[in-house]
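Undergrad: Structure, please.
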Amino acid sequence: SLQKKTTKALEESERKYREVVENTNVIILRYTSKGDITFINRFGEEFFGYKREELIGKAHNIVRHPDMPSDAFKQMWETIKNKQIWNGQVKNLRKDGTAYYVDATISPIINDGKIIEYIAMRNDITALINPKQQLLDSLKIMEKPLLVMIKVEQYDILTNLYSTDIINKFEDKFSNILLKYLPSSCQFKKS
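TA: Purely as a prediction, here's the structure:
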């Protein structure tokens, strides 16, 4: 009877654990000792833009961004193969080609002294990364990118003197004038 209660308690604990893992806003992945994905939670699936079936059995570097230096991954593998926890920031790619940044923690899962798999937790930190870098990342995937940047000296004075509506009208009018001078082949869209 005690064994049944213990088994039931363990099953309930496992069920709750799986429920938390599936419903958290953290990307959770598990990999074989060779780096093939064995599990991804629902949030990770949505975040990456891949279906689970597209990821399970694939090498974890399916989302690797070409800008990431191979030395960073060499150091990561050395750390986790030595049964230690690795933490660092990684730039990856979604299925649609957009870049994102995560703070990743990878831990080996050890049984009888041997690594049987790895578990990784990744938190999206894209919004914390330098806005200039985010802009450059998005320009890289555009077919015909065109970047027009205009610096208004002492912009804060305008915001103190005029309402948001007036500033928005000024920006719209300026954008429309600028569009007249750009070739139609640039496919520029006002955002």
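Undergrad: Are there helices or strands packed against the helix or strand that contains residue 7, and which ones?
TA: Taking DSSP states H and E as the definition, residue 7 sits inside helix 2-23. Other helices and strands packing on helix 2-23, by 3 or more CB pairs under 8 Å, 6 or more residues apart in numbering; DSSP states H and E, are helix 42-48. Glycine gets a C-beta too; all of them are placed from N, C-alpha and C.
Undergrad: how many neighbours does the closest residue to residue 23 other than its chain neighbours have?
TA: Spatially, and ignoring its direct neighbours in sequence, residue 23 is nearest to residue 42 (7.1 Å; CB to CB, 6 or more residues apart in numbering). By the criterion of other CB atoms under 10 Å, residue 42 has 14 neighbours.
Undergrad: ok, residue 42 to residue 95 distance?
TA: To residue 95, residue 42 is 16 Å away according to CB to CB, to the nearest Å.
Undergrad: Show me the helices in this structure, by range?
TA: 2-23, 42-48, 52-55, 70-81, 131-140, 155-161, 164-181 (DSSP state H).
Undergrad: ok, residues contacting the first one?
TA: Contacting residues not belonging to helix 2-23 are listed as 28, 41-43 [CB atoms under 8 Å, 6 or more residues apart in numbering].
Undergrad: Output the lowest mean pLDDT helix or strand found in this structure.
TA: None of the helices or strands of the chain scores lower by mean pLDDT, DSSP states H and E than helix 131-140, at a mean of 70.
Undergrad: Mind exporting the C-alpha coordinates of that one to PDB?
TA: Taking C-alpha atoms only, helix 131-140 is exported to PDB below (Å, rounded to 0.1, in the frame of the first residue of the first chain):
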ATOM      1  CA  PRO A 131      18.600  48.000 -31.400                       C
ATOM      2  CA  LYS A 132      21.300  48.800 -34.000                       C
ATOM      3  CA  GLN A 133      22.200  45.100 -34.200                       C
ATOM      4  CA  GLN A 134      18.600  44.100 -34.400                       C
ATOM      5  CA  LEU A 135      18.100  46.500 -37.400                       C
ATOM      6  CA  LEU A 136      21.200  45.200 -39.100                       C
ATOM      7  CA  ASP A 137      20.000  41.600 -38.600                       C
ATOM      8  CA  SER A 138      16.600  42.400 -40.200                       C
ATOM      9  CA  LEU A 139      18.300  44.200 -43.100                       C
ATOM     10  CA  LYS A 140      20.300  41.100 -43.900                       C
END
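Undergrad: counting contacts, what elements does that helix pack onto?
TA: strand 99-111.
Undergrad: Go ahead and flag the most central residue of this protein.
TA: Central residue of the chain (CA atoms, centre = their mean): residue 100, 3.8 Å from the mean position.
Undergrad: what about the closest residue to it other than its chain neighbours, how many neighbours?
TA: Ranked by CB to CB, 6+ apart and with sequence neighbours excluded, the top spatial neighbour of residue 100 is residue 126, at 4.7 Å. Residue 126 has 15 neighbours, counted by other CB under 10 Å.
Undergrad: Kind regards, and thank you for your time.
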